[in-house]
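Chemist: Just a sequence and a predicted model for now, questions to come.
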Amino acid sequence: LFKCAILLTLGILSFPISKNLNVNQFELLALLGLCLLLSFALRKKNPFPASLLIIFGFVSLAWLRCHDITSRQERKASMITELFNKNHKAYRYAITKFKTKQTYTSAEARLIKIDSYDVARYDINCELFIKPALDNISELSYIDTHKAAQAINSPANPGEFDHKKYKSRQNIYHTCFLNDSDYRLYHNIRSVKLSAKSILSFRILLRQKLKAILPDNSSYSVAAAMIFGDKSDMDHETMNTFSNTGSIHILAVSGLHVGIIFLIINKLLARILFLNKFPKTKALIIACGIWFYVFICAAPDSASRAAIMLSAYLLGSSTGRPGAVYNYIGLAACCMLLADVNSIYSLGFKFSFLALMGIIYFHGKLNHLLQSFKPIFRKATQAFLISFTAQIFVFPLIIYYFNQFATYFWLSSFVAIPFAYLIIVSGICSLSLQ
């Protein structure tokens, strides 16, 4: 599975070659079927040609998936441009994600109505910039406006950041700038009650409960980021502080957070004695709890990766067939890449998998050096080793994307990770009592 994930990654990254060769979907499908049939026929007689055919098969599968997604996106982009070019009088957007800054609010929104026509089924997403900044916006907010969105412009200069390509990989092709007089903001148009009937409304309810527990905005913003991965209320100065100390990773829901949820649920279920006789039922309950938490946190790449791996681990351990850790990594990568090939371009995807691979590969090789240490020093050194080995693989990406590297990240790990554990556990306990 790990090798399959590498082949899918290479196929996705080499997809422009297939576009230059003008290969269509039917040719790719025929190539995929031919490779699989020949590899099955030759697997015993000639293993080497069979392996090459498997490689071509996975690459053609990646090309086929990329071709399908890009063709649909191109058709959708042209359809959206045609819709916005017509003289419509009213547009209604449903907010899906937002970030409030000092002077404006940036939001990702789904177009659900044009005049009186319902267009929600077309899955049209736009980027909104709203001035002045909004304090009362949420994922259950709706915006009515008369302004049509404009297509995102291509970069004007060579080497400039291609914002159009970056947004297209998130299924966003248009943007709209709104001033105070250009829109009306509504809340909860569909009368969705803030309860556990939907994951989105339940997430907003939890944030409101956390806000009531922590009325101070700076404390609330840090706690919301650590527990839910919600950084919408965090100011720029606080973000820079975490970034400069090398502890920004604890603000993103990742394997650390999913692992903590796993430990909490596992500890609680361990007290229910009869569940120990039904390991499959116990594994199913833990997996459901993990995925519920991941969906509450909007399923970021790092959390999805950890949830897939833990689900596979629980399935294997409950059936007495534990697998190799690299197979778990490969399974998670294959599932995420086949679901959305654009995940390969996501920073969260790259950092999550590379950091985990660094920990697995180097930590085992260096851990034997700690056997001579006393237990208290061994645990402290293990915390340092986990942070250090995670940084080995992600160091080139950090330099490339951010042009900086916090050399004292190993100091923050001694403080940040234990406190993150305490904040997440105490936050979940407080919200449960609420």
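Modeler: Alright, I've got the coordinates.

Chemist: what stretches of this protein score poorly on pLDDT?
Modeler: 18-28, 31, 36-53, 56, 188-197, 245-246, 273, 367-380, 408-414 (pLDDT under 70).

Chemist: Please, where are all the strands along it?
Modeler: In the chain, the strands defined using DSSP state E lie at 91-100, 105-114, 117-118, 124-130, 141-145, 150-151, 172-178, 183-187.

Chemist: Can you tell me which of these is nearest to residue 9?
Modeler: strand 172-178 (23.6 Å; Cβ to Cβ). C-beta here means a position set from N, CA and C on the backbone, and glycine is covered the same way.

Chemist: Identify all contacting residues around the closest one.
Modeler: 76-77, 80-81, 84, 108, 125-131, 143, 145, 147-152, 164, 167 (Cβ atoms under 8 Å, 6 or more residues apart in numbering).

Chemist: For the stretch 301-434 of the chain, just list every one of the helices.
Modeler: 301-318, 325-339, 347-366, 375-402, 409-433 (DSSP state H, counting those that start in this stretch).

Chemist: among the ones you listed, which is nearest residue 238?
Modeler: Of all the helices of the stretch 301-434 of the chain, helix 409-433 comes closest under Cβ to Cβ, at 13.6 Å.

Chemist: outside of the closest one, which residues touch it?
Modeler: So helix 409-433 is in contact with 206, 209-210, 213, 222-223, 226-227, 245-247, 250, 256-257, 260-261, 264, 380, 383-384, 386-388, 391, 406, going by Cβ under 8 Å, 6+ apart.

Chemist: and the angle from it to helix 375-402?
Modeler: 100 degrees (axes from the mean of the first three to the mean of the last three Cα atoms, to 10 degrees).

Chemist: what separates helix 409-433 from the chain centre, distance-wise?
Modeler: Averaged C-alpha coordinates place helix 409-433 at 21 Å from its chain's average position (Cα atoms, centre = their mean, to the nearest Å).

Chemist: now the residue lying closest to residue 325 once chain neighbours are set aside: how far from residue 307?
Modeler: Residue nearest to residue 325 in three dimensions, not counting chain neighbours: residue 360, with 5.8 Å by Cβ to Cβ, 6 or more residues apart in numbering. Note on residue 360: its distance to residue 307, by Cβ to Cβ, to the nearest Å, is 18 Å.

Chemist: Looking at those two, which one has more neighbours?
Modeler: residue 307 (23 against 15; other Cβ atoms under 10 Å).

Chemist: how near is the residue lying closest to the more buried one once chain neighbours are set aside to residue 253?
Modeler: Distances taken as Cβ to Cβ, 6+ apart place residue 294 nearest to residue 307, at 4.7 Å, with adjacent residues excluded. With distances taken as Cβ to Cβ, residue 294 is found 8 Å from residue 253.

Chemist: And residue 129, by the same measure?
Modeler: In terms of Cβ to Cβ, residue 129 sits 26 Å off from residue 253.

Chemist: of these two, who's got more company?
Modeler: residue 253 (29 against 13).

Chemist: Double-check the more buried one against residue 300; I have them as touching.
Modeler: Yes. Under the criterion of Cβ atoms under 8 Å, residue 253 makes contact with residue 300 at 5.5 Å.

Chemist: Could I get the contacting residues of residue 77?
Modeler: Residue 77 neighbours (Cβ under 8 Å, 6+ apart): 151, 168, 173.

Chemist: Mind putting the residues you listed into a markdown table with neighbour count and distance to residue 401?
Modeler: Compiled in a markdown table, those are given as follows (neighbours: other Cβ atoms under 10 Å; distance: Cβ to Cβ, whole Å):
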| residue | neighbour count | distance to residue 401 |
| --- | --- | --- |
| 151 | 14 | 26 |
| 168 | 17 | 19 |
| 173 | 23 | 24 |
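
Chemist: Spatially nearest residue to residue 315 (excluding sequence neighbours)?
Modeler: Going by Cβ to Cβ, 6+ apart, residue 315 has residue 283 as its nearest residue, at 6.5 Å.

Chemist: ok, so what distance separates residue 366 from residue 384?
Modeler: Taking Cβ to Cβ, one finds residue 366 at 10 Å from residue 384.
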